[in-house]
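K.L.:
I'll drop the sequence and a predicted model, then ask my questions.
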Amino acid sequence: MRIATWNVNSITARLPRLLAWLESSGTDVLCLQEAKLAEAQFPFDELRAAGYEAAVNATGRWNGVAVLSRVGLEDVVKGLPGDPGYDGVQEPRAVAATCGPVRVCSVYVPNGREVEHPHYAYKLQWFEALRAAVAEDARGSRPFAVLGDYNVAPTDDDVFDVAAFEGLTHVTPAERAALTALREAGLSDVVPRPLKYDHPYTYWDYRQLAFPKNRGMRIDLVYGNEPFAKAVTDSYVDREERKGKGASDHAPVVVDLDV
């Protein structure tokens with residue numbers, strides 16, 4: 001079984017690439033982030049023609065997540081219990097579904113913006129709501145994983161130059177402590193292999209030639225419980241999908257399971 005996660009940075013802008021990648025990659029389940037459209041605008045028909053059902057949590061604007069599956073889609077849950085919301089609004093940042101023998105949760109963690117910004121406190125609160133929401137599945141016997149754009153680099157090796165991030169979000173002790181709390185809840189980091197270079201970066205800024213210079217970050221993560229982690233046979237970053245005109249600034253992370 002092949003599962004992947006991909007921040008597509010707008011399904012509308014990336015739909016032809018998305019459909020082509022689904023066909024070429026042989027992915028069974030795909031967790032998407034930054035849909036950037038309302039659920040009513042979601043391309044259900046095009047995906048159905050490609051053999052995929054979709055569970056969507058999206059309201060337009062900058063967020064929106066989905067789970068695409070060609071192996072079944074059941075027990076869909078949108079959002080998180082205890083979601084703290086931002087400015088009084090609960091944003092569409094999580095959707096979970098059971099796809100055949102595996103349960104997945106697609107997440108788009110708040111960016112945090114700046115350490116002193118209210119969005120940073122919201123990010124940490126959202127992580128706590130996520131930990132509480134997944135605790136039961138994390139300790140369960142069914143393979144389960146939280147996949148998505150975490151907007152946190154787990155270690156200093158997961159950024160091209162940690163000095164460039166001094167005083168910025170994505171690398172702070174509090175954000176990394178939130179990842180530790182997820183691991184303590186029963187999840188582990190399924191680290192992919194890079195297809196080029198030494199580090200499995202998943203995101204490269206559009207600016208300053210970041211991609212050709214490999215000035216990247218590993219912020220798209222797969223956190224799986226013990227049954228999920230034991231079933232992993234391979235994992236890699238599909239760096240090729242970051243290339244070319246009209247690419248997302250994130251690459252898909254692919255995980256193969258023996259389930």
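P.N.:
Sure, I can see it.

K.L.:
how about the nearest residue to Pro154, chain neighbours excluded?
P.N.:
Leu179 (5.6 Å; Cβ to Cβ, 6 or more residues apart in numbering). Bear in mind the C-beta positions are built from the backbone N, C-alpha and C, glycine included.

K.L.:
Tell me if that neighbour really is in a strand.
P.N.:
No - Leu179: not assigned to a strand; according to DSSP: H, G, I helix; E, B strand; the rest coil it is helix.

K.L.:
I'd assumed Asn151 was in contact with it.
P.N.:
No - at 10.9 Å, Leu179 does not count as touching Asn151 under the criterion of Cβ atoms under 8 Å.

K.L.:
ok so, going back, what is the neighbour count of the residue nearest to Pro154?
P.N.:
20 (other Cβ atoms under 10 Å).

K.L.:
just the one 3 residues further on next, same as before
P.N.:
By other Cβ under 10 Å, the residues close to Leu182 number 21.

K.L.:
Now it: which helix or strand?
P.N.:
Using DSSP states H and E, Leu182 sits in helix 173-184.

K.L.:
Could you do Val76 as well?
P.N.:
strand 74-78.

K.L.:
tell me what the helix or strand following that strand is packed against?
P.N.:
Note on strand 74-78: by DSSP H and E, the next helix or strand toward the C-terminus is strand 94-99. If you count contacts as 3 or more Cβ pairs under 8 Å, 6 or more residues apart in numbering; DSSP states H and E, strand 94-99 packs onto strand 53-57, strand 65-69, strand 74-78, strand 102-108.

K.L.:
Give me the most central residue, the chain.
P.N.:
Geometric centre of the chain, nearest residue: Gly148, 0.9 Å, by Cα atoms, centre = their mean.

K.L.:
that's a strand at that residue, yeah?
P.N.:
Yes - counting by three-state DSSP, one finds Gly148 located in a strand.

K.L.:
What sits closest to it if chain neighbours are left out?
P.N.:
Val107 (3.8 Å).

K.L.:
what do you get for Phe165?
P.N.:
Val171 (4.6 Å).

K.L.:
so who does that neighbour touch?
P.N.:
152-153, 156, 159, 162, 165 (Cβ atoms under 8 Å, 6 or more residues apart in numbering).

K.L.:
Where is the longest helix in the chain?
P.N.:
What stands out as the longest helix in the chain, according to DSSP state H, is helix 118-138.

K.L.:
Quick one: mean pLDDT over that helix.
P.N.:
For helix 118-138, the mean per-residue pLDDT is 98.

K.L.:
Over to stretch 221-228?
P.N.:
Computed over stretch 221-228, the average pLDDT equals 98.

K.L.:
What is the end-to-end distance of it?
P.N.:
Using Cα to Cα, to the nearest Å, one end of stretch 221-228 lies 14 Å from the other.

K.L.:
Show me the contact partners of that stretch.
P.N.:
3, 5, 102, 137-148, 150, 152, 154, 179, 182-183, 186-190, 192, 232, 235, 253, 255, 257.

K.L.:
Most widely separated two among the contacts of Val171?
P.N.:
The distance between the two most remote of the contacts of Val171 (Cβ to Cβ) is 13.2 Å, for Val152 and Val162.

K.L.:
The two - which one has more neighbours?
P.N.:
Val152 (24 against 13).

K.L.:
would the more buried one count as being in a helix?
P.N.:
No - judged by three-state DSSP, Val152 forms no part of a helix; its state is coil.
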